[in-house]
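K.L.:
only geometry, no sequence info:
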């Protein structure tokens, strides 16, 4: 069957989440006078060591508590508070944690940017393929982000795990997006930056998973892998129609 539609992940696929997170947390910690508290053990004086340690600790807290949110253990607001407590201590009251995160978010939002290969790829794939979004997030949060980035009207719909009740890599999440398209999974490709959550999860649900490995540092012979979105149109147009894993990358 030909591929008729592309489903897209958002963070670190379309939107440069990692760069915005780094810029946002470093700017916020400097403004709060807290950056020195995150000095790397044994790395004092090393160029960028303090900044790298701060970002690593913030990102680790995000991963831990965001996974708890995706598992339904805590709410969207609670995962944000827990990320703050990982920095400031476990006894920070909700109101103070909310205020601290809101201040960070101002700096995070100021650094929002789309990867430079996104719009050219969408232009090359439209109108030949339909486009939708599937994200492990909250709809209101991602709608605002996409509108701010000027991309929302490039996609037919946005589905998010908070409202779906299923998070990638659960097959139900991918199949809900296929249902929204009105297409069988065999006619849909899914593009995302995580090998397991995105590419392997999509494959397991019967879609055609494409792993966007922007670092280009890892091989995965079992996956269709690209290192940039400029490679996506050729992959989708391949005569094999995904009959075998792509050799790209």
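P.N.:
Structure's in. What do you need? All values reported here derive from a predicted model rather than from experimental measurement.
K.L.:
longest helix in the chain, please.
P.N.:
helix 49-70 (DSSP state H).
K.L.:
could you give the angle of whichever helix or strand comes after that helix to helix 49-70?
P.N.:
Scanning forward in sequence from helix 49-70 by DSSP states H and E, the next helix or strand is helix 76-88. Here helix 76-88 points in a direction 150 degrees away from that of helix 49-70 (axes from the mean of the first three to the mean of the last three C-alpha atoms, to 10 degrees).
K.L.:
what's the distance between helix 76-88 and the middle of its chain?
P.N.:
19 Å (C-alpha atoms, centre = their mean, to the nearest Å).
K.L.:
pull out the buried residues from the helix or strand that it is followed by.
P.N.:
Next in sequence after helix 76-88, counting helices and strands by DSSP H and E, comes helix 94-110. By neighbour count with 16 or more other C-beta atoms under 10 Å, helix 94-110 contains the buried residues 97, 100, 101, 104, 107, 108. Yep, even glycine has a C-beta here, placed from its N, CA and C like the rest.
K.L.:
can you check stretch 206-226 too?
P.N.:
Buried residues in stretch 206-226, counted by 16+ other C-beta under 10 Å: 207, 208, 209, 210, 211, 212, 213, 214, 223, 224, 225, 226.
K.L.:
okay, the angle between the worst-scoring helix or strand of the chain on mean pLDDT and helix 94-110?
P.N.:
Least confident element among the helices and strands of the chain, by mean pLDDT, DSSP states H and E: helix 49-70 (a mean of 91). Helix 49-70 and helix 94-110 are oriented at 110 degrees to each other (the same axes, to 10 degrees).
K.L.:
and the buried residues of helix 94-110, which two are furthest apart?
P.N.:
Spatially, the most separated pair among these is 97 and 107, at 16.5 Å (C-beta to C-beta).
K.L.:
for the protein, give me the ranges with low pLDDT.
P.N.:
Applying pLDDT under 70 to the chain flags residues 38-47, 239-249.
K.L.:
do that again at 90, thanks
P.N.:
Low-confidence segments of the chain, defined by pLDDT under 90: 1, 33-50, 53-54, 70, 86-88, 216-222, 238-249.
K.L.:
pop the domain breakdown of it in here.
P.N.:
Following automatic domain parsing, one gets these domains for the chain: 5-15+113-236, 17-110.
K.L.:
helices along this protein, start to end?
P.N.:
For the chain, helices defined by DSSP H occupy the ranges 17-32, 49-70, 76-88, 94-110, 118-125, 139-149, 161-164, 171-181, 201-204, 232-236.
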